[in-house]
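# Here is my input, please return the structure:
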Amino acid sequence: MRRYVAAIDQGTTSSRCIVFDQRGSIVGVAQREHEQIFPQPGWVEHDAESIWRNTESVIAEVLEKTGLSASDIAAAGVTNQRETTVVWDRGTGKPIHNAIVWQDTRTAALVGELGGGDGPNRYADRTGLPLSTYFAGPKLRWILDHVPGARERGENGELCFGTIDSWVLWNLTGEHITDVTNASRTMLMDLRTLQWDPEICAEFGVPVAMLPTIRSSSEVYADITSGALRGVPVAGILGDQQAATFGQACLSPGEAKNTYGTGNFMLMNTGTTPVFSEHGLLTTVCYRLGAEPAVYALEGSIAVTGSLVQWLRDNLGLISTADDVEELARSVPDNGGVYIVPAFSGLFAPRWRPDARGVAVGLTRFANKGHFARAALEATAFQTREVLDAMRADAAAQRLDVELVTLKVDGGMVVNDLLMQFQADIVDAPVVRPVVTETTALGAAYAAGLAVGYWASTDDIRANWSEDRRWKSTMTDTDRDRLMAEWNKAVERTYDWV
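Presented below is the predicted three-dimensional model:
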């Protein structure tokens, strides 16, 4: 039996390849960042070819670091930044435009047009999503409308559309496929049939001929045709947040996790029937294992959390590295009355205000860079509290047997002890960090490994999960209520800016 499983994790800021063993422990990792391209205010792009070159490089690098070869790898899984959109030439494999990133807001007028008299929820009963700049379908329509000749070529079957999973899979195997989790983030898939909705595609002006084939999240798709992993089967695909949910072993209805990355994403498993939110959350496919029924989730998506720390570093120069933010925030005992609302791309769940833009409020001569650092961390926790409140309200409205008594966390920011303590304080619930925090890559590895029998069943996933640290609330109800009230006042200052 081959000894390991590889996960290709193509994220918003970097591409990684991580090798895992049967216990779910990391054997080796390689990572490369890619450029964030900002052509205009509100526009965010990536060079898809650069992403692929980096992906090739990290695959080769991790095998070299670990002394492994393709013969040691049982399968490879892919996980990815989800809504980011690529269109490429089917013959040459060359993109016709930079990838449009999930944070990009250029489609604001278009999504209003698509909503028509029905408004943002026109397609929510079929897709689980409000019309928003966030999702891939409007981004694809923008490319078709603005790249000369793209629409005609798309209708003739000369172009391929894909989210980043499809782009990576195309380059690895030559196959044009996606999985149900990524397809559910396009606004073009019917949540119940798990197929492209021809009526929505027609109303979006999207040629069905451009779309990838939708497959499950865990099956053998094809063998890798070149490079360091040549001959290894690609056997798992999960959008990054669904992958983290799977990697955190949230396999039963009511189990939830929160990932702290470029943005924050909380998902709660709701079982095999889609639950439609009444409180500003998304309904999404959580995963589908082979021919088994799909499992669904409620999701709260927050656009800016970790990227706010990057903004402090890159735009303001307040810190040299992202890790410095905790020490700077600890230099003051509290936020000094300062609140930062990072509505750089509008506000996502649960408010969904594309007209909002970022603000810093409560400034006095007393405020210093320590207060800014603390306010940036607290903004992440405040936004998470709003999503958790919405999730609890939806669970109660749907009479789901859910208490959400602990919050499982993962992602790059969970090494920040100050943030994790404040998070526990502001949600008034224990926050639990697992031993393996790279749960996004781990979830993709699990999906691939299950498909080839490397892991026998999801019971192995549960058995592998273990707790590293737990934080409990130490804040009084009075302080918590005051902070949330002040946060809400700050958020309302962001409205109607655009």
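# which residues does residue 251 contact?
Applying CB atoms under 8 Å, 6 or more residues apart in numbering to residue 251 gives the contacts 269, 458, 461, 462. C-beta coordinates here come from the backbone N, C-alpha and C atoms, glycine included.
# Alpha carbons of whichever strand or helix holds residue 299, as CSV, please.
Here residue 299 is covered by strand 295-302, with elements defined by DSSP states H and E. Provided in CSV are the C-alpha atoms of strand 295-302 (Å, rounded to 0.1, in the frame of the first residue of the first chain):
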residue,chain,number,x,y,z
VAL,A,295,-24.6,16.7,2.4
TYR,A,296,-25.5,20.4,2.7
ALA,A,297,-24.4,23.2,5.0
LEU,A,298,-25.4,26.7,6.1
GLU,A,299,-22.5,29.1,5.6
GLY,A,300,-21.6,32.5,6.9
SER,A,301,-19.0,34.2,4.7
ILE,A,302,-17.0,37.2,5.9
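# and that strand, what does it pack onto?
Where contact means 3 or more CB pairs under 8 Å, 6 or more residues apart in numbering; DSSP states H and E, strand 295-302 is packed against helix 240-247, strand 264-271, strand 282-287, helix 369-397.
# quick one: the last one to strand 282-287, angle?
Computed by axes from the mean of the first three to the mean of the last three CA atoms, to 10 degrees, the angle separating helix 369-397 from strand 282-287 equals 80 degrees.
# With the second one instead?
Orientation check (the same axes, to 10 degrees): strand 264-271 against strand 282-287 gives 70 degrees.
# what lines up beside the strand holding residue 299 in the sheet?
In the sheet, strand 295-302 lines up against strand 264-271 (antiparallel), strand 282-287 (antiparallel) (DSSP bridges).
# ok, back up a step: quick one, which of the contacts of residue 251 are buried?
269, 458, 461 (16 or more other CB atoms under 10 Å).
# so the second one makes contact with residue 450?
Yes: Residue 458 is in contact with residue 450 according to CB atoms under 8 Å; the separation is 7.3 Å.
# quick one: common contacting residues for these two?
In contact with both residue 458 and residue 450: residue 289, using CB under 8 Å, 6+ apart.
# which residues of the stretch 101-250 of the chain score low on pLDDT?
For the stretch 101-250 of the chain, no stretch has pLDDT under 70.
# Give the buried residues for the helix or strand hosting residue 113.
Using DSSP H and E, the element containing residue 113 is helix 108-115. Residues of helix 108-115 classed as buried: 108, 110, 111, 114, 115 (neighbour count, 16+ other CB under 10 Å).
# same check, this time on stretch 170-179
170, 171, 172, 173, 175, 176, 177, 178, 179.
# if you look at these, which of them are in strands?
Residues of the buried residues of stretch 170-179 located in strands (DSSP state E): 177, 178, 179.
# Just put the buried ones among the contacts of residue 251 in a markdown table and tack on distance to residue 360 and pLDDT.
Below are the buried ones among the contacts of residue 251 laid out as a markdown table (distance: CB to CB, whole Å; pLDDT from 0 to 100):
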| residue | distance to residue 360 | pLDDT |
| --- | --- | --- |
| 269 | 36 | 90 |
| 458 | 45 | 93 |
| 461 | 42 | 92 |
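# Residue 276: which of those is nearest?
Closest to residue 276 out of these is residue 269 (15.4 Å), distances taken as CB to CB.
# pretty sure the closest one is in contact with residue 255, am I right?
Yes: here residue 269 reaches residue 255: they are 5.1 Å apart, a contact under CB under 8 Å.
# Residue most distant from the centroid, the chain?
residue 365 (37.8 Å; CA atoms, centre = their mean).
# That one: what secondary structure?
coil (DSSP: H, G, I helix; E, B strand; the rest coil).
# State the distance from it to residue 336.
11 Å (CB to CB, to the nearest Å).
# sorry, back to before: most tightly surrounded among the helices and strands packed on strand 295-302?
Mean neighbour count, computed with mean count of other CB atoms under 10 Å, is highest for helix 240-247 among the helices and strands packed on strand 295-302, reaching a mean of 32.
# CA atoms of it as CSV?
C-alpha atoms of helix 240-247 as CSV (Å, rounded to 0.1, in the frame of the first residue of the first chain):
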residue,chain,number,x,y,z
ASP,A,240,-11.6,25.3,0.6
GLN,A,241,-14.3,25.9,3.2
GLN,A,242,-16.1,22.7,2.6
ALA,A,243,-12.7,21.0,2.7
ALA,A,244,-12.0,22.5,6.1
THR,A,245,-15.4,21.4,7.4
PHE,A,246,-14.6,17.8,6.2
GLY,A,247,-11.1,18.0,7.7
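# Check which element follows it along the chain.
That would be, after helix 240-247 and using DSSP H and E, strand 256-260.
# May I have that following strand exported as CSV, CA atoms only?
The C-alpha coordinates for strand 256-260 follow below in CSV (Å, rounded to 0.1, in the frame of the first residue of the first chain):
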residue,chain,number,x,y,z
ALA,A,256,-19.7,23.5,12.7
LYS,A,257,-16.3,25.0,12.1
ASN,A,258,-14.9,28.5,11.5
THR,A,259,-11.9,29.1,9.3
TYR,A,260,-9.7,32.1,9.8
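# Contacts for that strand, please.
Residues contacting strand 256-260 (CB under 8 Å, 6+ apart): 240-241, 244-245, 248, 250, 264-269, 305-306, 380, 384, 387-388, 391, 404, 407-414, 419, 439-440.
# picking that back up, would you reformat the contacts of residue 251 as JSON lines and include secondary structure?
Shown next, in JSON lines, are the contacts of residue 251 (three-state DSSP):
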{"residue": "269", "secondary structure": "strand"}
{"residue": "458", "secondary structure": "helix"}
{"residue": "461", "secondary structure": "helix"}
{"residue": "462", "secondary structure": "helix"}
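# returning to what we had before: just name the closest of the ones in strands among the buried residues of stretch 170-179 to residue 36, please.
Once CB to CB is applied, the member of these that ends up nearest residue 36 is residue 178, at 23.9 Å.
# so what's the nearest residue to the closest one once chain neighbours are set aside up against?
Of all residues not flanking residue 178 in the chain, residue 212 sits nearest, at 4.4 Å (CB to CB, 6 or more residues apart in numbering). By CB under 8 Å, 6+ apart, the contact set of residue 212 is 160, 161, 162, 166, 176, 177, 178, 183.
# measure residue 212 to residue 202 for me?
Taken as CB to CB, the span from residue 212 to residue 202 is 18 Å.
# Now for the nearest residue in space to residue 179 that is not next to it in sequence, how many residues are close by?
The shortest distance from residue 179 to any non-neighbouring residue, by CB to CB, 6+ apart, is to residue 237 (3.9 Å). Residue 237 has 33 neighbouring residues, counting by other CB atoms under 10 Å.
# what does residue 157 give?
Residue 157: 12 neighbours (other CB under 10 Å).
# Surely it touches residue 209?
Yes: between residue 157 and residue 209 there is a contact at 4.3 Å, judged by CB under 8 Å.
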